[in-house]
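Enquirer: Here is a sequence together with a model predicted from it:
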Amino acid sequence: MQIKQFEDKNLAHYSYAIMSECEKKIVLIDPARNPQQYIDYAKENQAQITGVIETHPHADFVSSHLEFYTTLGATIYASKIVDATYPHQSFDDGEYIQLGKIKLSAINTPGHSPDSICILLEHDGKQKAVFTGDTLFIGDCGRPDLRPGKGNAKEEAEKLAKQMYHSLRDKLVPLNDDTIVYPAHGAGTLCGKALSKANSSTISEEKKTNWSLKQQTEEEFVKELLSDQPFVPAYFSFDVELNKKGAAAFNESTNAVNIGEPVINQSNASRLNRTFWIVDVRDEEDYKKGHLPHSVNLMKEAKFETWLGSIIKPNELFYIAASGENSLKEAIARTAAIGYEAQVEEAFVLEYNEVTQEKIDVNKFEEHTNDYTIVDVRNKSEVKEKKIFENSISIPLGELRENVSKIPVDKPIVVHCASGYRSAAGSSLLQSQLNGQVKVFDLGEAVKKFM
């Protein structure tokens, strides 16, 4: 038996391949959009991918489950509660998959979503591992406020939080102490709020250290779970629905993105629809030296997908601008990770600029902070923990586009976050939306001087 863990650091996502060495068959759990790494693993081991298990319809990334069905004939397993429209086999309490000496059993664990399941792996009749999806994380549990349903969002979240309390205690805590815990996410995901950087644990260790498993009343648990959850990106509900029907094949879909001629002059730039956002993935230094109007600077670092899906809305057309062809292809692939590739009107290499963004004089700012309107684009929980500038306005980056009107324009604006990535995005967005009404500066990494 082999258990292979795959990590997508950009989305803090873990997926798994479980291989029966005697049968040379593989079952995947929660695979990412690009199937290539799993195909390569199967080839390396001369094995066949025969099944894909979805622990729930994911909100933060798009799965490749349908592609494995259409290209390899792999069976997709999901809870019947999902109401999936792709071909699948129900996988709920009492149902299991036999893979040589491996038995994979479904455990219904509503809480993160109504349709969440965990998968218990037994080998030769002994409990070895449990794949917990977004139910149990290392140090935390899944948030219950991402699937509001058709009712009152607050009431639905409270209902799911109560279900989570019992799923953890009735379904997972009773497992053997030495059972290894393999979650679908690690630190950095927005599917929880206090995850460890560890990529696995045990039931015993989680019972000792995980706040969600400690002795507490249902009321205490619900109150804690619902408090200080991070924002919900705009694309989350879109991805849930896309995962419930299944996404198009990765290569086919990314290859269909229109790659236009490089924009090297005004004539080239004139072909662009100026009402569409341009997602400029170049380094901030290049961006500030010059860019096109109506651009937002989202560099291809970790969290690119999250901020793309927070600022650009589902089904909204946009452009991608990059410094070179390789960078462009990488940006398209990462756009596809959240199912946004069909929204790309055109992707192009940018070598022409119309607008610059003036750099901030940090010393001048430090001496006269009251002469600026300071916008803090960190998450609310970060601001609650420590406010860096007392007179700042707090608007998380994911909510900035809709709240520009709340920012006074009688003084120059300085945008900051905790390290520089979000402030580069936020300041570029404000500069584009305010369109010259006021100067907008990015404090960038200089924020560390004030922390």
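Expert: Received the coordinates, thanks. Numbering: from 1, shown residues only.
Enquirer: Give me the three-state assignment for Tyr69.
Expert: At Tyr69 the chain is in helix, as set by DSSP: H, G, I helix; E, B strand; the rest coil.
Enquirer: Spatially nearest residue to it (excluding sequence neighbours)?
Expert: Ile76 (5.4 Å; CB to CB, 6 or more residues apart in numbering). Quick note: C-beta positions are derived from backbone N, CA and C, even for glycine.
Enquirer: would that neighbour count as being in a strand?
Expert: Yes. The assignment for Ile76 by three-state DSSP puts it in a strand.
Enquirer: Look at it and report its pLDDT.
Expert: On pLDDT, Ile76 comes in at 98.
Enquirer: Quick one: residues contacting it.
Expert: By CB atoms under 8 Å, 6 or more residues apart in numbering, the contact set of Ile76 is 51-54, 65-66, 68-69, 84, 86-89.
Enquirer: how does it look with 6 Å?
Expert: Listed by CB atoms under 6 Å, 6 or more residues apart in numbering, the contact set of Ile76 reads Val52, His65, Tyr69, His88.
Enquirer: what does Arg147 give?
Expert: Taking CB under 6 Å, 6+ apart, one finds Ser113 in contact with Arg147.
Enquirer: Which secondary structure element is home to it?
Expert: Per DSSP states H and E, Arg147 falls between elements, in no helix or strand.
Enquirer: For it, give its distance to Glu156.
Expert: 7 Å (CB to CB, to the nearest Å).
Enquirer: same question, His185
Expert: From His185 to Glu156 the distance is 21 Å (CB to CB).
Enquirer: Have a look at the two and say which one is more surrounded.
Expert: In this view His185 and Glu156 are compared by other CB atoms under 10 Å, and His185 has more residues nearby, 27 against 17.
Enquirer: partner residues bridging the more buried one?
Expert: According to DSSP bridges, the partner residues bridging His185 are His13.
Enquirer: doesn't Lys9 make contact with it?
Expert: No. Using CB atoms under 6 Å, His185 makes no contact with Lys9, being 11.4 Å away.
Enquirer: Kindly indicate whether Lys364 is helix, strand or coil.
Expert: Classification of Lys364 using three-state DSSP returns helix.
Enquirer: Can I get the helix or strand containing Phe221 as CSV, trimmed to CA atoms?
Expert: Assigned by DSSP H and E, Phe221 belongs to helix 218-226. Only the C-alpha atoms of helix 218-226 are listed here, as CSV (Å, rounded to 0.1, in the frame of the first residue of the first chain):
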residue,chain,number,x,y,z
GLU,A,218,-22.3,22.5,21.8
GLU,A,219,-23.1,26.2,22.5
GLU,A,220,-19.5,27.0,23.3
PHE,A,221,-18.3,25.2,20.2
VAL,A,222,-20.7,27.0,17.9
LYS,A,223,-19.9,30.4,19.3
GLU,A,224,-16.1,29.8,18.9
LEU,A,225,-16.5,28.3,15.4
LEU,A,226,-18.6,31.2,14.0
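Enquirer: what does whichever helix or strand comes after that helix contact?
Expert: Following helix 218-226 in sequence order, the next helix or strand is helix 236-245 (DSSP H and E). Contacts to helix 236-245, defined as CB under 6 Å, 6+ apart, come from residues Pro57, His58, Ala59, Val62, Ser63, Ala84, Thr85, Leu146, Pro314, Gly339.
Enquirer: Redo those residues as a markdown table? Include pLDDT.
Expert: As requested, those are exported to a markdown table (pLDDT from 0 to 100):
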| residue | pLDDT |
| --- | --- |
| Pro57 | 98 |
| His58 | 97 |
| Ala59 | 96 |
| Val62 | 98 |
| Ser63 | 98 |
| Ala84 | 97 |
| Thr85 | 97 |
| Leu146 | 89 |
| Pro314 | 98 |
| Gly339 | 98 |
